[in-house]
Structures are given as structure tokens and as C-alpha cells.
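[1] Predicted model follows, preceded by the sequence.
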Amino acid sequence: MQSLYLAIPLASLFGAIIAGFFGKQIGRSASHWVTSLGVATSFVLSLVVLKDVVIDGAAIYNESVYTWMVSDGIKFEVGFLIDSLTALMMTVVTAVSLMVHIYTIGYMSEDPGYQRFFSYISLFTFSMLMLVMSNNFLQLFFGWEAVGLVSYLLIGFWFKKETAIFANMKAFLVNRVGDFGFLLGIACILMFTGSLDYYEVFNKADVMLSSTIEIFDGEPWSVITVACILLFIGAMGKSAQVPLHVWLPDSMEGPTPISALIHAATMVTAGIFMVSRMSPLFELSEVALSFVMIIGAITAFFMGLIGIVQNDIKRVVAYSTLSQLGYMTVALGASAYSVAIFHLMTHAFFKALLFLAAGAVIIAMHHEQDMRKMGGLKKYLPITYWVSLIGTLALIGFPGTSGYFSKDAIIEAVHHSELPGASFAYVMVLLGVFVTAFYSFRLFFMVFHGEERMDQHTKDHLHEPPAVVWVPLVLLAIPSAIIGWLTVDSVVFGSYFDNVLLTLREHDVVAAMKEFYHGELSFVMHGFSGPAVYLAAAGAVSAWFIYLKKPSIADLAQQKLSFLHKLLDQKYYFDRFNEIVFAGGSRVIGSLFWRIGDGIIIDGIAVNGSARVVGWFSQLIRVVQTGYLNHYAFVMVSGLILLLGWAVLG
């Protein structure tokens, strides 16, 4: 089996290497074929693994593949942990990546960096697979940093655009903040358990639970709480939670296919996966769980509000990603790990669908992304219209869609949670339902309905994109619509994650939810007894009324609520704060170090100072060096007399 597991990430890596190093030699067509076949191979093999786990009940595989180094008894290894969580993540990652590869053939067909782009997205897939398949913290950290590196390359893919360079540097720096916390968390775990292997760490979790550490003098902290919060800080960076969320909206500067891959199945899901994998640790700290839940709740609601004022079609979808990641994080904090992973899966399909559909609109509009210059596209782009409607309904949690099953499960989970902060989180996720429906249908109505606001030239050339673009949309629309029906029973309420995701009895909200679960249809009907369905309907109807029936209301609201609009438009001034405090402060500190270090110490004392001393001493010696023989003879005789006198008198 080890050969099969090795082949899954290496197939994608092989395609990335061939397209990256030999792309010019083999040409554009061969580059997309070799990378797409590589990812397709990874996908098919992932399905084989999923079948082994789900149908055949294969035992958990946890083995080392390669020992890189042993230092002081600590093993640094490459190894695989294959269980139900890994199999699900592998399948989702490779399925979405394959759709993105196919879509890219049409979307990037005229781009001069065609081969380079295919190499990068295959490398992205390899990096994420290494992350989710790891059985130890070393390999986890390798995959963690690898997806960060490739996202940097892809966000700044159009490196001649200043905004793209700014965006990829911003993503890189913000993630360094989170990754610093992540690395400290791994170091803390290593210090108290002496191991990097997951299972060995989990078996020694009691050691961390019974130990304390003083971060500040006289203030002991539980080691398990410190380690979990530090690990989650890493997740806050990767999965874009407040306040480390600022990089994700700017990642829209990259081509649309990579926006779909980052937001749906790779980088931003890494943090959600990691916390779920670390459930045996997080379950031992209610402080860490409450911290996770509150951060997720803030992100879910307040980032969704920003989506209401965005006019760039991709940025609206980007802020919906931030909000949905907040929902997943709330589920993690409520100890509903299976629900978080379930929403990760459903979200991967409908979010990839929405991004790629937005890309289809952008192609048709000749790369125009401002929704205020669109409208009435339904009759020009019928396929894109219907798949976008399916994706939008899934996003808002329309009853029966995949998003309904997972989002409603999150709301129910946090409603049953008794952890500190659960009541606040419950209010936030409920309000977030209305906000999500409002900005989602605002986008949908502004793009596909209402008056046509594009210029005549654009209107004359509007048409559906080629099949290589819309076929992946249709394929993604299918799971976006039905996968909830097929998987909610086993993934959330069944035994799919038994012996994989640990939940303590006192935190087990899913067990409480099972009492009311009587099948998929009853789950759908149960939603009508709660407020979420009606809040989503109110949001959709409000968007219809404001943006189709009475557009003047939007303009009036913007004038009357100018302060609130500006606050949202400025994204709560997070970017401004970071620019002034962190970027500006760093420049001040750098300037200070330059003036003191380079100016005074190095240039002033070390270099110029030593030169001045040598010059002064040279001036002194120059007086003695006259060049006259009688002067030298006099000095020699005088010296000799002094030496003789010292010897005699001494």
C-alpha cells in the first residue's frame, strides 16, 4: 500500500516538474496534459483509498516512509497517516484541483505564462497532499510552508502588476506571523512530549495537561492551552481568521483559477484540517476551544458584512470565503469537528463553482470585474447562470443543497454547545445567515438580472465560454447540489470519523444533535423549525427588492449610512492600521537601526572611526619620518642610551 500512497502526491509533483523545467521544450498542450493527467492520477488513486476506508473498512495506516534525521532521540521523518479524515481530504483536494486544471486550459489559453501556471497549480496540489497525508509535525510544517510558498508565487503570478506584487508580499508576510505562532506551538509540543509523531504526542497529551509554563513571571499557564492557542494562531493565518485575514481578499490579484484553488480546497482549508487532526489536544483545553469559537464567530459575521459593499465580483466571493471559514472555525470551537470537515467538503465544491463561474463571467465581459457594469447576463450566459444559481443557493444554505446540510449542522452544533462564548457565537452565525444571503443574491441579481449596464461593444460579443470552461462548472454543480444528501448521514451522524476525531463526552454536541436526527429528509424539514431558513429567505428577498425593484434604496442607504458604508469599504481600517502601525513602525525601527547601526557604529566608529585613528597616528608618525640619516642616527643612539641606562639602573 505504501507505493500507492506515495504515488498520490508524487503524480502531481511529476507533472509540476515536467511543466516547470521542460515547459518550453514540450509546449503548451503537452504541459497542460502532463499536469492534468498527474492530478487526475492522484484523484483516481484517492478514490481508491476512499473506497478502501469507507467500503472495505481498511485499518488505519500509520507508517514512516523515510527517516531524514535522528537527533537526540527525536526522529525527523516523512510518513503517512491514512484514515477516514485523510481519505476525505485527499479526494476533495484532488477533485477540485482536477476541475481547476481543466478550466485553466480555457481561461489561461492566451497567457504567456501558461506552462508556468500549470506547474505552479500542480505543485500546489502536491504540497496540500503532503500536508493532509502527514503523520508527524515535521511533514505537516513542510506542507504548511509549501502551500504558503506556492500561494505567494500564484498570487503574484502576473508579476508585472504592482498590485499583484503587493498582494503576494502581503500574503507572505501575514502568514509569517501566523506561522511563527504555529512553529512555537510545535516547539512547545516537542519540548514536553519529546516527539513529533502525532500518535506519540496524543498518547502523551496528559503530560502537557498536567504541566504549566510561565509566559509572564508568576503567571502559570496550562501547557496544553498554550500549545493549542499557538497552533491555532498558525491556523488563523492560513485559514484567514481575524485579525490575520487581511491577505485573503487581496489574493484576488492572481488569476481566477488559483483564486478557486486557494479558497476552495488548498491553502485556506489547511488550518481547519489541522485543528481537526489535533482534536485530541484541543479537547483538553476549554480555554483554547472558546478562543477558537469566538474568533470564528467574529470572522463569520463581520467579514460577511464587508461583502455587502464590494463591487468587484471576485472580492464578493472572497469575503464569502472569509465568512464561511469563520463558520468552520466556530464548529471546531464547539467540538463539532466532523461538522467542520463536512462544511469544508461541501464548501470546497460550491465555492470552487462560484469562483470559476465568476471567471466565466469575467471572460465574457472581456476581463471586466465591476458588477456595476454588468446586468442582464442571464440570456447571454445561460449555463453560467444556472450553475451560479446552484452555487449561490448552496452558499446561503437553501434547504436541500449541500450548503444547507453543513451550515445548518454548524448552527445546531453551536446552539447545543455549553462552552464559554457559545451564546455569542450562536447569535453571530445566525446573523451571518442573513448577511450571506443578502450579499450573495446582491451579486447574483446585479450580474444576471436587471438592466444591461455594459457598453455596446461588450454586449455585441457576449457569449458562453468554451466547453473546456463550462464543463467543470457543470461537474462542480452536481456535488454542490446533492452531496449533502449522500454524506451527511455517515460523515456527521454516522461512524465515519470514529477513532479519528476525538471528542470528550462533555463536549459532544453532535451526540446531542443525533437525538433529533431521523434521516436526511427529516434533517431538511427540521430546519424549518428554526430561524436560519427564514433569515436566509429574508436576505435573498431584501436583495431582490433593493437591487431589482427599488435600486434607489441602495443609493439612499449609502448616503444616510455613509459612516457605516465607509467603515465597511475600508474593511474596518485593518489595512490602514497595519500600514501605519506594523509597516510604518517597521520602517521607523529599520531607519533607526540604520542610523545607529550603519551610520554611527559601522560607518562612524568601525569604518570611518578606524580610518580617522589611522590618519591621526600617521600624521604623528610622519613628523618622525624625516628621511635624514643624522636624525635616524640620533634616534638610534638616544634609544640605545635609554636601554643601557634602564639596564644599569634596573
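    Received the coordinates, thanks.
[2] For residue 542, give me its contacts.
    In this structure, residue 542 makes contact with residue 438, judged by Cβ atoms under 8 Å, 6 or more residues apart in numbering. Where you see a C-beta, it was placed from the backbone N, CA and C, and this is true even at glycine.
[3] Remind me what the longest strand along the chain packs against, helices and strands.
    If each strand of the chain is counted by residues according to DSSP state E, the longest one is strand 61-71. Helices and strands touching strand 61-71, by 3 or more Cβ pairs under 8 Å, 6 or more residues apart in numbering; DSSP states H and E, are helix 2-54, strand 74-82.
[4] Return the angle between stretch directions for the first one and strand 74-82.
    When axes from the mean of the first three to the mean of the last three Cα atoms, to 10 degrees is applied, the directions of helix 2-54 and strand 74-82 differ by 50 degrees.
[5] now for helix 2-54, which elements pack on it?
    Here helix 2-54 touches strand 61-71, strand 74-82, helix 84-107, helix 114-133, going by 3+ Cβ pairs under 8 Å, 6+ apart.
[6] thinking again about what came up before, mind listing the strands the longest strand of the chain pairs with, and their directions?
    Within its sheet, and counting by DSSP bridges, strand 61-71 is paired with strand 74-82 (antiparallel).
[7] tell me how far the ends of stretch 394-407 are from each other?
    Using Cα to Cα, to the nearest Å, the end-to-end distance of stretch 394-407 comes to 9 Å.
[8] tell me the mean pLDDT for it?
    Model confidence over stretch 394-407, given as mean pLDDT, is 94.
[9] where's it relative to the chain centroid, distance-wise?
    For stretch 394-407, the distance from its own C-alpha centre to the chain's C-alpha centre is 22 Å (Cα atoms, centre = their mean, to the nearest Å).
[10] surely residue 154 meets residue 119?
    No - proximity of residue 154 to residue 119 does not meet the contact threshold set by Cβ atoms under 8 Å, at 10.5 Å.
[11] Would you mind telling me which of the two has the busier surroundings?
    For residue 154 against residue 119, the residue with the higher neighbour count under other Cβ atoms under 10 Å is residue 154, and the figures read 28 against 25.
[12] tell me the contacts of the closest residue to that one other than its chain neighbours?
    Nearest non-adjacent residue to residue 154, counting by Cβ to Cβ, 6 or more residues apart in numbering: residue 258, 4.2 Å away. For residue 258, the residues meeting the contact criterion (Cβ under 8 Å, 6+ apart) are 100, 117, 120, 121, 124, 151, 154, 155, 157.
[13] Between all of those, which two are separated the most?
    Spatially, the most separated pair among the contacts of residue 258 is 100 and 155, at 15.0 Å (Cβ to Cβ).
[14] nearest to residue 577, of the helices and strands packed on strand 61-71?
    Closest to residue 577 of the helices and strands packed on strand 61-71 is helix 2-54 (Cβ to Cβ; 37.7 Å).
[15] Give me the helices and strands touching whatever helix or strand residue 341 lives in, please.
    Assigned by DSSP states H and E, residue 341 belongs to helix 337-364. Applying 3+ Cβ pairs under 8 Å, 6+ apart, one finds that helix 337-364 contacts helix 84-107, helix 256-264, helix 267-277, helix 313-333, helix 382-396, helix 402-416, helix 467-491.
[16] Least confident of the ones you listed, on average?
    Summarising mean pLDDT across the helices and strands packed on helix 337-364, the least confident stretch is helix 256-264, with a mean of 89.
[17] Hmm, residue 350 and residue 324 touching each other?
    No - counting by Cβ under 8 Å, residue 324 sits too far from residue 350 to count as a contact (9.4 Å).
[18] where do the contact lists of these two overlap?
    Counting by Cβ under 8 Å, 6+ apart, the shared contacts of residue 324 and residue 350 are residue 395.
[19] pLDDT score assigned to residue 508?
    The score at residue 508 is 91. That number is its pLDDT.
[20] And for it, the neighbour number?
    Around residue 508 there are 15 residues (other Cβ under 10 Å).
[21] so how far is residue 279 from it?
    For residue 508, the distance to residue 279 (Cβ to Cβ, to the nearest Å) stands at 12 Å.
[22] Please name the residues that touch the residue nearest the centre of the chain.
    In the chain, the centroid-proximal residue (Cα atoms, centre = their mean) is residue 268; its distance is 2.4 Å. Taking Cβ under 8 Å, 6+ apart, we find residue 268 in contact with 238, 239, 240, 248, 262, 321, 325.
[23] which residue packs closest to it, ignoring adjacent ones?
    By the measure of Cβ to Cβ, 6+ apart, the closest residue to residue 268 outside its immediate chain neighbours is residue 239, 5.1 Å from it.
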